[in-house]
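Peer 1: Prediction below, plus the sequence it came from.
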Amino acid sequence: MTDPRRAWLQLLRTPGLGPVRMSRLLEAFGTPQRALEASAADREQVGLPRSVATALDQPHDAITADIEWLDAAANRHLITREDPRYPPRLREIPNPPPVLFALGDPEVLSLPQIAIVGSRSPTPQGAEHAFGFGRSLAARGLTVTSGLALGVDGQAHRGALAAGGLTVAVCGTGLDRVYPAAHRDLAHAIAEEGVLLSEWPPGTPPKAEHFPRRNRIISGLS
């Protein structure tokens, strides 16, 4: 694979190879390319189920589309755990994502951050407080990190933007789609003044199990 991103994406796109197993594979073989060059039997020796070990040899048509999406704009980035732009605090959590997709300025990810998250259905006073906290903290130089959800999350992002500050939105979908759709304009503003982040490749829809995984990234960044 001449483009090193393809090896990372092959690992990411292989069914059953989540962050824990991917980390185990990389610890054993060093790089994604070496892991792909290894035999299925060798992969099994490091703890992969046979079905996953053999699935790594199956090509994934979506990888070409992933590369095309990344190359379509200068503000789209693939950040692997080997990349110096990988957020240093995020490395410290259990099972950090080996690969991140970013839309916006990835340098923001290494700045001091504070997370503001909460109810999707806050009271009017709660929404006002979330906006106020986001604005005040961003005005004091902190990057406000949240999950782009309705309610408190969206208000925190808006408050940071209103202060002319920076904000990070960690998404539970691929970055080629916005969830919830009502936050499309907000997501575009965040990409201009901060960064959207996801461990999921383009085309990934929202699923309930994605959001707890997203939350560990929010806490790890902040």
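Peer 2: Here it is on my side, so go on.

Peer 1: Spatially nearest residue to Ile79 (excluding sequence neighbours)?
Peer 2: Leu100 (4.4 Å; Cβ to Cβ, 6 or more residues apart in numbering). (Glycine included, C-beta is placed from N, CA and C.)

Peer 1: now Arg184
Peer 2: Once chain neighbours are set aside, the closest to Arg184 by Cβ to Cβ, 6+ apart is Val178, at 4.7 Å.

Peer 1: still on that earlier bit, so how far is the helix or strand containing the residue nearest to Ile79 from its chain's centroid?
Peer 2: Secondary-structure element containing Leu100, defined by DSSP states H and E: strand 99-104. The chain centre lies 6 Å from the centre of strand 99-104; the measure is Cα atoms, centre = their mean, to the nearest Å.

Peer 1: now do stretch 143-155
Peer 2: 15 Å.

Peer 1: Identify the residues contacting the longest helix anywhere in the chain?
Peer 2: The residue-count maximum for a helix in the chain (DSSP state H) belongs to helix 124-139. Helix 124-139 has contacts (Cβ atoms under 8 Å, 6 or more residues apart in numbering) with 114, 116, 118-119, 122, 144, 146, 151-153, 155-167.

Peer 1: which residues of this structure fall in strands?
Peer 2: Secondary structure of the chain (DSSP state E): strands located at 76-80, 99-104, 113-115, 143-146, 167-170, 194-198.

Peer 1: As a markdown table, those strands with distance to Ser51, mean neighbour count and mean pLDDT would be great.
Peer 2: As requested, the strands of the chain are arranged in a markdown table below (distance: least, Cβ to Cβ, whole Å; neighbours: other Cβ atoms under 10 Å; pLDDT from 0 to 100):
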| stretch | distance to Ser51 | mean neighbour count | mean pLDDT |
| --- | --- | --- | --- |
| strand 76-80 | 25 | 20 | 98 |
| strand 99-104 | 21 | 24 | 98 |
| strand 113-115 | 37 | 20 | 98 |
| strand 143-146 | 36 | 28 | 98 |
| strand 167-170 | 30 | 30 | 98 |
| strand 194-198 | 26 | 26 | 98 |
